[in-house]
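K.L.:
fold the following for me, if possible:
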Amino acid sequence: MPEPPFYAAVEARRTVRDFLPDPVPQEVLDRCLDAARLAPSSSNLQPWEFVIIRDPRVRQAANAACLDQLPAKTAPVLIALVTHRDTWRRNRDEILRVFASRGPLRPSQVSYYRRIIPVIYTAGPFGVLGPLKRAFSRITSLFKPTPNLMAREDVRIMAHKSTALAAATFMLALRAEGFDSCPMEGFDPWRAKALLGLPRGAEVNMFLAVGKRSEKGVWWDRVLMPRDWMIREI
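P.N.:
The predicted structure is shown next:
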């Protein structure tokens, strides 16, 4: 049985450090961005934003915020992938609007998005409810399985995890199209946030350099940890 083409994209995807100047066609970029929108996210709240940096002056400042790393300077496209911690109300309302457009809302939909989601995501003034919710969850967990009701930092971590799933989907889509990427976590987060004009509840998850790899774009052969370090059964 032939191997599905997905695995070829997974195998060929590498973190590319140097790019050719060849442009990325807009239709390719759009397809990959639309693929990223299909990525899973916690409660389907999709807390991400892809900011494509086009303005040359902003790009120069973004390169500097990325510590002038070679991928940032050579890639024809630089994207800031932003995590939004506080868009859950807007996105929750849009989910319910779409559900309602398809027919009567189910009681389970209303209950989950109108009652449970606010309990999880609301931290109260200065985050005072967060420690109380976390303590309540932990104590209740001693008696029965209980989800973490989330302090502010827990919500932040959850939003970043969902955003990273969108990044992974985007990078695999690029590779399937014959293009490459480099996810960069080494950057100045304060300068990046100011440069992009992000609100208080948002921060840059990573920068993504996008383009076609040059001959020196892949620095060394892939190194994987032993399989039994990463996978176990109990």
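
K.L.:
which residues touch the closest residue to A151 other than its chain neighbours?
P.N.:
In this structure, A151 finds its nearest non-sequential neighbour in G130, 2.9 Å apart by CB to CB, 6 or more residues apart in numbering. Where you see a C-beta, it was placed from the backbone N, CA and C, and this is true even at glycine. Listed by CB atoms under 8 Å, 6 or more residues apart in numbering, the contact set of G130 reads A123, G124, M150, A151, R152, E153, D154.

K.L.:
quick check, the first one in contact with E153.
P.N.:
No: the pair A123 / E153 is not scored as a contact, 9.2 Å apart, by CB atoms under 8 Å.

K.L.:
the more surrounded of those two?
P.N.:
The neighbour comparison of A123 against E153 (other CB atoms under 10 Å) goes to A123, with 20 against 13.

K.L.:
and the more buried one, how far is that from H160?
P.N.:
Counting by CB to CB, to the nearest Å, the separation of A123 from H160 is 16 Å.

K.L.:
and the strands in this protein?
P.N.:
Along the chain, the stretches classed as strands by DSSP state E are 48-53, 77-84, 180-184, 202-211.

K.L.:
could I get those strands as TSV with mean neighbour count and distance to I139?
P.N.:
Shown next, in TSV, are these (neighbours: other CB atoms under 10 Å; distance: least, CB to CB, whole Å):
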stretch	mean neighbour count	distance to I139
strand 48-53	18	33
strand 77-84	22	30
strand 180-184	24	39
strand 202-211	24	31
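
K.L.:
columns mean pLDDT and distance to P107 on top of these, output as a markdown table?
P.N.:
Listed next are the strands of the chain as a markdown table, based on pLDDT from 0 to 100; distance: least, CB to CB, whole Å:
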| stretch | mean pLDDT | distance to P107 |
| --- | --- | --- |
| strand 48-53 | 98 | 29 |
| strand 77-84 | 98 | 29 |
| strand 180-184 | 98 | 41 |
| strand 202-211 | 98 | 33 |
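
K.L.:
I'm done for today, thanks for sticking with me.
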